[in-house]
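Engineer: make a model of this:
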Amino acid sequence: MALSSDFRPGSFVFALCALMVSALWVRESLRINTLGIEWGGPRLFPLAISVLTLINTLLIVVLESRGFYRYMRGTSLRGIIEFKWKEIATTVVLLILVVLYAVVIKSVGFVLATVIITLYSSLVFKAKLIDAVMVSLIISIGLTFLFKIVLRVPLPEGILGW
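Structural biologist: Sure thing, here's the model as predicted:
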């Protein structure tokens, strides 16, 4: 049985993961010390952004779950087993890669880590290899220029030293 056109399993799994991350972000924002200030203070901006993110991801989960419900309602147990696992696996690998990016960026460096994640992301979206390489290099060099030179933000240099 083919999936209905309004259900995308990868989007549904990503939405659920984003909901969990945004809920953790709200929790961490609530732990910021207010420094005795009743309104505003250092907690206001992170809390406002994290609550807006939580609301948006909750909306995305609701919209994606409608397609999931329609799919499951008209599907037998055999249809559930014949699920499109490739799309979910691609999404899970991308999420793992994002976590690895955050973990290895200090040791590998911003430029190399950004090239790797943007290259994989481009290939997931079925870009040609040469286009994916060019886009990942342009994004990596462009972000490095923006943050390091224009905004003067120190970036992790890693093993390459730049």
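
Engineer: how about low-confidence regions in this protein?
Structural biologist: 1-7, 37, 74-87, 162 (pLDDT under 70).

Engineer: need the outlier residue of it, farthest from its centre.
Structural biologist: residue 36 (34.1 Å; CA atoms, centre = their mean).

Engineer: quick one: secondary structure of that residue?
Structural biologist: Per DSSP: H, G, I helix; E, B strand; the rest coil, the local secondary structure of residue 36 is coil.

Engineer: got it, and the one 5 residues further on?
Structural biologist: Three-state call for residue 41 (three-state DSSP): coil.

Engineer: for the nearest residue to it once chain neighbours are set aside, give its distance to residue 138.
Structural biologist: Nearest non-adjacent residue to residue 41, counting by CB to CB, 6 or more residues apart in numbering: residue 34, 4.5 Å away. Every residue, glycine included, has its C-beta placed from N, CA and C. Residue 34 sits 42 Å away from residue 138, going by CB to CB, to the nearest Å.

Engineer: next: residue 123.
Structural biologist: For residue 123, the distance to residue 138 - CB to CB - is 15 Å.

Engineer: and for residue 157?
Structural biologist: Distance from residue 157 to residue 138, by CB to CB: 20 Å.

Engineer: those two: which has the busier surroundings?
Structural biologist: Between residue 157 and residue 138, counted using other CB atoms under 10 Å, residue 157 has the larger neighbour count: 14 against 11.

Engineer: grab the nearest non-local neighbour of residue 95.
Structural biologist: residue 17 (5.7 Å).

Engineer: oh, that last question was meant for residue 23, not what I typed.
Structural biologist: That would be residue 54: by CB to CB, 6+ apart, it lies 6.1 Å from residue 23.

Engineer: thought the one you found was touching residue 26?
Structural biologist: Yes - in terms of CB atoms under 8 Å, residue 54 counts as a neighbour of residue 26; the distance is 5.3 Å.
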